[in-house]
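Trainee: sequence unavailable; structure follows:
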RNA sequence: GCGGAGUUAGUUUAGCCUGGUAGGACGUCAGCUUCCCAAGCUGAAGGUCGCGGGUUCAAAUCCCGCACUCCGCACCA
């Protein structure tokens, strides 16, 4: 049975996955959440899987950039101008509306959202527009930018918390390419925090003001998008793609042949991404790559596929895959005066960029929801995480404390704890301790009993099947290592 | 930001209408039981009753403001 949002958040709060930030204070703001010990364990293991399946598999570089970036970066990127909504506010009831949408709907006039604010005001007064709720009059149009501004140093020089991690990658590209012996196509990856001043953050990890992204920017020669060495690795990988019609399940190879995906280059990365998510334990049958229409795409995107997964809250966008063309490098080159062109063989090119922008928090939520189940037959709640993602790999338990079992258990624990995430527990009924381990997703439990004293064997209990088998203490290390290994 | 519903221990919830010592269940901890799947028994800890103000001799309870959470609208990874 699949669990709902309420069950997931209850588990998160009770078992240390995540909880609200600053919760002891009344002025705690919405949209900020913290990961507890279990959440950090899951997140770290998830990111290790991401590195294995994408970064290392494709021989990408990984960087770690500043979260605060200077104003010029966002002038060049377009965020100062485009990452802001024109809004109008009713002077009487205080209701706020998107100025461009309101004008399009009531006055039938289309003004681009990036237009000068005076244009909005002009139409509003010409058409005599009033608040649809209370008929009050509108104040002047304003721009609400979703970037958090910060002041640097005593003079408070303007800068911003980055609204997406990738700007570091674009800005760093010339140095990385020169010093790290770059060749196209070159993937540069980054994990880090981004910040967006959402108007209405909601649903814990699903819409945050401060959130984690794992982004990959692949720099490529736009004239060689059909020339992908390792395409054969994923050409038979099946993915679900939705365009205007119903989703279709086809292989990456077929998707390119039929033109659903524009080229092998994009198909290759969608294939890698699908293989990665399959290994997170998310139910891949409930996923789709949805090709975005013109109006849905971000302002910098040429072609965009969102990787979406069905959860109890509806379809949830986990990854945005955007073909950003030369938008970013061209603008940073113009603004900075730096050269961003590189040699690809004999050819001098300004690389294009394909981006795989993953929302980590949303991914972790989805993993939890898809992994959590209620086992009515055995009256237990089980978090069936993939073993390699579990915050606790193995619980080490003494069946009873006396007769030297406690001491023996401590020995086994000491033997294991540097090699994996082991959790020692001596107290309470054995069944209760197994249930507790089930809830944090520990795939294995080792129990020291009376027979252990006689023959140096322990029982190894499997979370999902509840089956037990006896294992020699001398073999525990290798048995556990095999069972919790990354695929 | 708007509209609606909420906020009492780690979780879930009673008490609020009708103001007067905040209570249960689960969980946690300790002990007994020496035991392989939330058993039982004994005991304990754990509460700024979301925050601030007002009314009152007295506020979890009545009034006002704010914050947060959830559901819709709009926006997004």
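Mentor: Perfect, I can see it now. Worth saying up front: this structure is predicted, and the values here are computed from it rather than measured. Numbers count the residues shown, from 1 in each chain, chains lettered A, B, ... in the order given.
Trainee: what sits up against stretch A:162-175?
Mentor: For stretch A:162-175, contacts defined as C-beta atoms under 8 Å, 6 or more residues apart in numbering pick out A:63, A:65-69, A:73-74, A:77, A:79, A:83, A:146-147, A:188, A:190-196, A:213, A:215, A:217, A:219, A:328-329, A:332, A:336, A:338-340, A:351, A:353, A:355, A:357. Heads up, the C-betas are built off the backbone N, CA and C, glycines and all.
Trainee: buried residues, that stretch. List them.
Mentor: Neighbour counts over stretch A:162-175 (16 or more other C-beta atoms under 10 Å) mark A:162, A:163, A:164, A:165, A:166, A:167, A:168, A:169, A:170, A:171, A:173, A:174 as buried.
Trainee: biggest separation within those residues, which pair?
Mentor: Largest separation among the buried residues of stretch A:162-175 by C-beta to C-beta: A:163 and A:174, giving 22.2 Å.
Trainee: in the stretch 51-200 of chain A, which spans are helices?
Mentor: All helices of the stretch 51-200 of chain A, identified by DSSP state H, counting those that start in this stretch, fall at A:71-77, A:79-82, A:99-106, A:117-127, A:166-179.
Trainee: is RNA strand B contacted by the last one?
Mentor: No. Using C-beta under 7 Å from any atom of the strand, helix A:166-179 stays clear of RNA strand B, coming no nearer than 11.0 Å.
Trainee: and the shortest one, by the same measure?
Mentor: No. Taking C-beta under 7 Å from any atom of the strand as the criterion, helix A:79-82 and RNA strand B are apart, separated by no less than 10.2 Å.
Trainee: list the buried residues for that helix?
Mentor: Buried residues in helix A:79-82 (16+ other C-beta under 10 Å): A:79, A:80.
Trainee: which other helices and strands contact that helix?
Mentor: Packing partners of helix A:79-82 (3 or more C-beta pairs under 8 Å, 6 or more residues apart in numbering; DSSP states H and E): helix A:71-77.
Trainee: taking the stretch 1-150 of chain A, what residue is nearest to RNA strand B?
Mentor: residue A:30 (2.9 Å; C-beta to the nearest atom of the strand).
Trainee: quick one on the thing from earlier: among the contacts of stretch A:162-175, which ones are in strands?
Mentor: Among the contacts of stretch A:162-175, the residues falling in strands (DSSP state E) are A:63, A:68-69, A:188, A:190-195, A:213, A:215, A:217, A:219, A:353, A:355, A:357.
Trainee: just the buried ones among the residues you listed, please.
Mentor: By 16+ other C-beta under 10 Å, the ones in strands among the contacts of stretch A:162-175 give A:69, A:188, A:190-192, A:194-195, A:213, A:215, A:217, A:219, A:353, A:355, A:357 as buried.
Trainee: what is the nearest of these to RNA strand B?
Mentor: residue A:357 (5.9 Å).
Trainee: list the contacts for that closest one?
Mentor: By C-beta under 8 Å, 6+ apart, the contact set of residue A:357 is A:164, A:166, A:213, A:215, A:216, A:319, A:320, A:321, A:322.
Trainee: how near is it to residue A:124?
Mentor: Here residue A:357 is placed at a distance of 36 Å from residue A:124 (C-beta to C-beta, to the nearest Å).
Trainee: now for the nearest residue to residue A:158 once chain neighbours are set aside, how many residues are close by?
Mentor: Closest residue in space to residue A:158, ignoring its immediate chain neighbours: residue A:71 at 5.1 Å, by C-beta to C-beta, 6 or more residues apart in numbering. For residue A:71, the count of nearby residues is 14 (other C-beta atoms under 10 Å).
Trainee: let me know the distance separating residue A:71 from residue A:426.
Mentor: 57 Å.
Trainee: what's the closest non-adjacent residue to whichever residue of the stretch 151-300 of chain A sits closest to RNA strand B?
Mentor: Nearest residue of the stretch 151-300 of chain A to RNA strand B (C-beta to the nearest atom of the strand) works out as residue A:200 at 3.2 Å. Among residues not flanking residue A:200 along the chain, residue A:207 sits closest, at 7.7 Å (C-beta to C-beta, 6+ apart).
Trainee: now the phi/psi pair for residue A:43, please.
Mentor: Phi and psi for residue A:43, reported as degrees, to the nearest 10, are phi -60, psi -50.
Trainee: show me what contacts it?
Mentor: A:35, A:212, A:360, A:364.
Trainee: in the stretch 101-250 of chain A, where is pLDDT below threshold?
Mentor: A:101, A:104-115, A:131-136 (pLDDT under 70).
Trainee: show me what from it comes close to RNA strand B.
Mentor: Residues of the stretch 101-250 of chain A lying near RNA strand B by C-beta under 7 Å from any atom of the strand: A:101, A:133, A:196, A:198-204, A:206-209, A:211, A:213.
Trainee: let's see that with 6 Å instead.
Mentor: A:196, A:198, A:199, A:200, A:202, A:203, A:204, A:207, A:208, A:211 (C-beta under 6 Å from any atom of the strand).
Trainee: what's the most distant pair in these?
Mentor: Across these, the longest distance by C-beta to C-beta is 16.9 Å; it joins A:199 and A:204.
Trainee: quick one: which of these two has more around it?
Mentor: The neighbour comparison of residue A:199 against residue A:204 (other C-beta under 10 Å) goes to residue A:204, with 19 against 11.
Trainee: mind listing the helices for the stretch 251-400 of chain A?
Mentor: So, for the stretch 251-400 of chain A - with DSSP H, counting those that start in this stretch - the helices run A:252-257, A:264-278, A:327-336, A:360-371.
Trainee: neighbouring contacts of the shortest one?
Mentor: Residues external to helix A:252-257 that are found in contact with it (C-beta under 8 Å, 6+ apart): A:231, A:234-237, A:239, A:241, A:261, A:263-264, A:267-268, A:270-271.
Trainee: which of the residues in it are buried?
Mentor: A:252, A:253, A:254, A:255, A:256.
Trainee: ditto for stretch A:151-164
Mentor: Of the residues in stretch A:151-164, those buried (16+ other C-beta under 10 Å) are A:159, A:160, A:161, A:162, A:163, A:164.
Trainee: bridged to the closest residue to residue A:149 other than its chain neighbours, which residues?
Mentor: In this structure, residue A:149 finds its nearest non-sequential neighbour in residue A:160, 5.7 Å apart by C-beta to C-beta, 6+ apart. Here residue A:160 sits in beta bridges with residue A:69, residue A:149, as judged by DSSP bridges.
Trainee: so how far is residue A:32 from residue A:160?
Mentor: On the measure of C-beta to C-beta, residue A:160 and residue A:32 end up 18 Å apart.
Trainee: ok, the contacts of residue A:357 vs residue A:412, which is closest?
Mentor: Checking these one by one against residue A:412 (C-beta to C-beta), the nearest turns out to be residue A:213, at 39.8 Å.
Trainee: quick check: whichever residue of the stretch 201-350 of chain A sits closest to RNA strand B vs residue A:277, distance?
Mentor: Relative to RNA strand B, the nearest point of the stretch 201-350 of chain A is residue A:317 (3.0 Å; C-beta to the nearest atom of the strand). Noted for residue A:317: a distance of 13 Å to residue A:277, by C-beta to C-beta.
Trainee: overlap of the contact sets of these two?
Mentor: Common neighbours of residue A:317 and residue A:277 (C-beta under 8 Å, 6+ apart) are residue A:307.
Trainee: taking the contacts of helix A:252-257, tell me the two that lie furthest apart.
Mentor: Using C-beta to C-beta, the two most remote members of these are A:236 and A:263, lying 17.7 Å apart.
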